[in-house]
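In: Prediction below, plus the sequence it came from.
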Amino acid sequence: MPEAQLPVIPRAVCVYCASSKSCDPQHHADARRLGELLALEGRTVIYGGSKSGSMGALANGALAAGGQVLGVLPNFLADMELAHDALSELMLVDDMRTRKHLMLSRSEAVIALPGGTGTFEELLETLTLKRLGLWTGAVVIVNRNGFYEPLRQLLESAIEERFMARQHADMWVFVDTVEAAVAALNTAPAWSAAARSFAAV
């Protein structure tokens with residue numbers, strides 16, 4: 001089946017997070033706990049396929065709790081021996097663009113943990129696609145110790161300056177803990193393709 005036509009996995013959650021091994025270990029602990037919680041809720045975890053940092057911890061937590069984990073990894077990262085070797089499924093793809101597309105298009109929701117430029121890119125692209133009504137799932141941002149406070153302020157400024165509409169604030173939910181993130185998957189504001197009608201302010 002062509003990649004673009006792969007179906008959404010019911011109750012699957014795409015998690016954006018980092019591969020850094022040098023960050024505060026609390027981020028790894030949070031990622032592992034998130035994986036456990038999603039697995040215990042019967043949700044499939046979709047993520048970037050790495051064994052390193054928060055990414056590896058997320059997968060290990062879900063797998064230890066009996067969950068299903070789909071990793072999507074570009075070939076060049078697999079060549080660097082970064083692939084997690086115990087996933088339910090590992091998809092190797094040609095490039096980062098394909099990786100992002102598959103991770104998001106097969107998921108019903110997104111959770112973003114603290115991370116670096118890759119995490120930021122994935123999160124902001126997801127919000128752009130949601131604004132255009134091309135993807136309509138929940139987006140939950142884990143603002144651990146205020147990590148994403150600058151982003152929250154930036155998004156609010158974009159609304160205040162009329163680059164976005166006030167309705168667009170319903171595209172995301174900020175929470176402080178991974179426990180709250182899992183709960184927010186069930187309470188996030190509804191969104192639909194009708195958002196295209198007010199995508200342009």
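Out: That came in fine, so what should we check first?
In: which ones are touching residue 14?
Out: By C-beta atoms under 8 Å, 6 or more residues apart in numbering, the residues touching residue 14 are 46, 47, 103, 104, 106, 107, 109, 110, 111. Every residue, glycine included, has its C-beta placed from N, CA and C.
In: Can you check the pLDDT for residue 5?
Out: If you check residue 5, the pLDDT there is 72.
In: Identify the residues contacting it.
Out: Here residue 5 is in contact with no residue (C-beta under 8 Å, 6+ apart).
In: How about residue 173?
Out: By C-beta under 8 Å, 6+ apart, the residues touching residue 173 are 138, 139, 140, 141, 184, 187, 188, 189.
In: pretty sure the third one is touching residue 188, no?
Out: It refers to residue 140. Yes: the pair residue 140 / residue 188 is scored as a contact, 6.7 Å apart, by C-beta atoms under 8 Å.
In: Give the intersection of the neighbour lists for these two.
Out: Contact criterion C-beta under 8 Å, 6+ apart; residues bridging residue 140 and residue 188 by contacting each: 109, 173.
In: of the two, who's got more company?
Out: Taking other C-beta atoms under 10 Å, residue 140 and residue 188 do not tie; residue 140 has more neighbours (26 against 17).
In: That one belongs to a strand?
Out: Yes: assessed by DSSP: H, G, I helix; E, B strand; the rest coil, residue 140 belongs to a strand.
In: Tell me where this protein is predicted with low confidence.
Out: Across the chain, residues meeting the criterion (pLDDT under 70) sit at 1-4.
In: dump the residue contacts of residue 185.
Out: Listed by C-beta under 8 Å, 6+ apart, the contact partners of residue 185 are 13, 43, 109, 111, 138, 140.
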